[in-house]
Structure formats: C-alpha cells, structure tokens
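J.: Next comes the sequence, and after it the predicted model I'd like to discuss.
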Amino acid sequence: MERILLSRVHLGGREREWIDKAFAEDWVLPLGPNVDEFESMLSHYLGVPNVVALSSGTAAIHLGLVMLDINPGDEVICQSFTFAASCNPICYQGARPVFVDSESHSWNMDPQLLEEAIIDRRKQTGRYPKAIIPVHLYGMPSDMSGINAIADRYGIPVLEDAAEALGSEYQGHKCGTIGRYGALSFNGNKIITTSGGGALICPDAESAARVKFYATQARENRPYYYHETIGYNYRLSNISAGIGCGQMTVLPDRVKRRREIHDLYKRELGIVPGITVQDNPSSEYDSNFWLTTILIDPASGSTPDELRMCLNRENIESRLLWRPMHLQPVFADAPYYGTGVSDYLFER
C-alpha cells in the first residue's frame, strides 16, 4: 500500500505556468513579479493590504520581533505548547522566552495564565514583557479576544504565529490578521506550500516596507552598498513564489478538504472508546484542521506511541503531539507559568 503521509504536498496544476514564465523572462532571482503576485493574492485572501513574502515562517516571526524592537535583555511571552520555531527567534534577538501553558478547550495560550505571567514578570524584573506570541496550534485558533484584551491592558503587542492556520478564522477574522503582526508558513507540509517559505502580515504600508528592507540585507538607498543596521537574507525567491501563486488558486479547496477529512475522523474515531478527537470549542472557532489530533485515554490500555508504531506498521504516518517548550532541555532555565495542561496533552 502507498504510504499515507501526515500532510503531503498537493499541486494545484497551475504552478508551472508561473514557474515557466519566470524562466522565460529570466526571473530566476530572489525577487521578481511572482513575488509581487503572490503577496497580492495573499492580501486578497486575507483581506488585508500589507503582506510580505519571506523565506520561511521562522523568518517571519524573527522579523516580527525585529519590528517590535525586541533586544537583548527583553522578555517575550510565548505559548509553551508549540514547535520550537515559535520561540527560537526570541533567542536570535538575545531576548528571553517566558512560557505560558495552554487552556484545555483550544489547547492554546491560556489568557488567565498570560495575565499572571505579565504581572509576575513585572514583579521579578521591574519591566513588562515586550511582546506576546500566541500560536494557532494545528490550525486551531487561539482565544484572541481574551489575549488581545490582556495585551491591550498592559500595552504589549501581539505577534500571532499562524504558521499552521492559513484559512482558519476566529470570530470571523482570518488568523494572522488579529494581532499587531502575523506570521505564516508555506513549508512543504502546510496546507499550501512554496517548497519552503513564509510571510509576515503587517499593520501598515510603512512597516511592510521596513520588513522588506530588513529582509534584503538592510541595504540603504545609495548607489553603492551602505548599511546602517543589521539585515537578513529573508526574501522569498521568484521561483518559490511562482509555486505559491499556483497553490493560491486552490487554497479554498485545500481548506475545505482538510475540514472534510477532519469530519471523517471525528465521525469514525469519535465512536471508538478511549479516543477523543479535538474539535472547534465553539462557533467562534473555525479551524482549518491542518492536522486532526486525538487524545488517548490511558485506561484504554494503549499509549500514544504504541498507536504511532502500530499505524507505522500499516504504512500510515502519524506523530505525537508537540512536546511543550518548557520541557525542552534547551529552555530549561526559561520561566514557565502553567497548570499542566500541555504536559497532559503531550502524554496523551
């Protein structure tokens, strides 16, 4: 049997049009018309005017932190239950991550614990954290209403990690457009791909222009190479953007299909004793269900890893849920505010 992959790439059929056009016009460069078109298509889909295509979702989070003026000695609050790319860029800036646990219904950042962390960090350091990074995990939106209310109360900007949530909505708003900045990923395993790539959703044209400046080595506008600040090689290539343009033509179909697959799993697995399928907590949440996730009751006599190995023997790929960041050795010294929800989820 052909191996059933966790999240395989599906080409839409029109990717080659943009790629062939790039080759025909010698636009095999880091930038070009495909990049402009891809950004325009993303803006139209998201309903926001300022989207910058970048080399990865990690680069998007990093530049979001640069734009928020995160510096050595600062602290940034990040969801613990996530992939390392959500918090690694905090360390790129010489800042310190502060991890916050999840709430049980969305599995994402708990607003109550977020406020507890903000207040306690002020007591401990004399300063509030400089930014907050909630994550829309596996496509499930975070409680952005609660998170933004607390962020506004303390004057802390929010950078959404929507890497897994293109097409997801919270209270009718596309994920990635609800915070000050929003990061997207187009890695090969996402709903749509540019082979590797990402984007940063910006609040205005001025900030988008500044992001493009940082992403192209921060070269000043002079007839020779002149640099007043550190820049990065973070722009998306014209060829990769061509793949993205082709993928954008089928994005609504991809989101629809992921939701259909989730409904299938919910219907068929939901009746199996010992299995709980994660679903939208309420009508405010509309996940793209990039991945369908389940919990295993220990009383069933099976462990998640035993199930993973059993599926693997049947040529079906699956994975354990993310191991929380506060349990990662590299972040052993980072402050953590939690009640054990993410530990519980990882174990099950």
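T.: Arrived safely.
J.: Now the one residue sitting closest to the centre of the chain. Its backbone dihedrals?
T.: When CA atoms, centre = their mean is applied to the chain, the residue found nearest the centroid is A163 (2.2 Å). Reported as degrees, to the nearest 10, the phi and psi values for A163 are phi -60, psi -30.
J.: That one touches T82, doesn't it?
T.: No. In this structure, A163 sits apart from T82 without contact. The criterion is CB atoms under 8 Å, and the distance is 9.2 Å. Using the backbone N, CA and C atoms, a C-beta is placed for each residue, glycine as well.
J.: Quickly list what's touching both of the two.
T.: Common neighbours of A163 and T82 (criterion: CB atoms under 8 Å, 6 or more residues apart in numbering): V135.
J.: Could you list the low-pLDDT ranges of the stretch 1-150 of the chain?
T.: Confidence mapping of the stretch 1-150 of the chain against pLDDT under 70 gives zero matching residues.
J.: Go again with 90.
T.: Residues of the stretch 1-150 of the chain meeting the criterion pLDDT under 90: 1, 8-13, 21-22, 25-31.
J.: mind listing the helices for it?
T.: When assigned using DSSP state H, counting those that start in this stretch, the helices of the stretch 1-150 of the chain occupy the ranges 15-24, 33-46, 57-67, 88-92, 111-125, 144-154.
J.: Can you say which of those is packed in most?
T.: A comparison of these by mean neighbour count, using mean count of other CB atoms under 10 Å, puts helix 57-67 on top with a mean of 26.
J.: ok, the closest residue in space to D69 that isn't next to it in sequence - contacts?
T.: If you skip the residues right next to it in sequence, D69 has K130 as its closest partner in space, 7.3 Å away by CB to CB, 6 or more residues apart in numbering. K130 is in contact with 68-70, 74-76, 95, 156-157, counting by CB under 8 Å, 6+ apart.
J.: I'd like to know which of those are part of strands.
T.: 75-76 (DSSP state E).
J.: which among the contacts of K130 gets closest to R8?
T.: V76 (33.6 Å; CB to CB).
J.: Specify the beta-bridge partners of that closest one.
T.: V76 forms beta bridges with P97, A131, as assigned by DSSP bridges.
J.: isn't it right up against H62?
T.: No. Contact between V76 and H62 fails when scored by CB under 8 Å: they sit 11.6 Å apart.
J.: any idea how far A85 lies from E2?
T.: For A85, the distance to E2 (CB to CB, to the nearest Å) stands at 30 Å.
J.: same thing with A199?
T.: Relative to E2, A199 is positioned 32 Å away (criterion: CB to CB).
J.: More neighbours: those two, which one.
T.: It is A199, of A199 and E2, that has more neighbours when counted by other CB atoms under 10 Å, with 31 against 5.
J.: Helix, strand, or coil at V272?
T.: coil (DSSP: H, G, I helix; E, B strand; the rest coil).
J.: What separation is there between the residue nearest to D69 and G182?
T.: Counting by CB to CB, the separation of K130 from G182 is 17 Å.
J.: now do Y214
T.: 17 Å.
J.: And the two? Which one has more around it.
T.: G182 (29 against 21).
J.: Lovely, talk soon.
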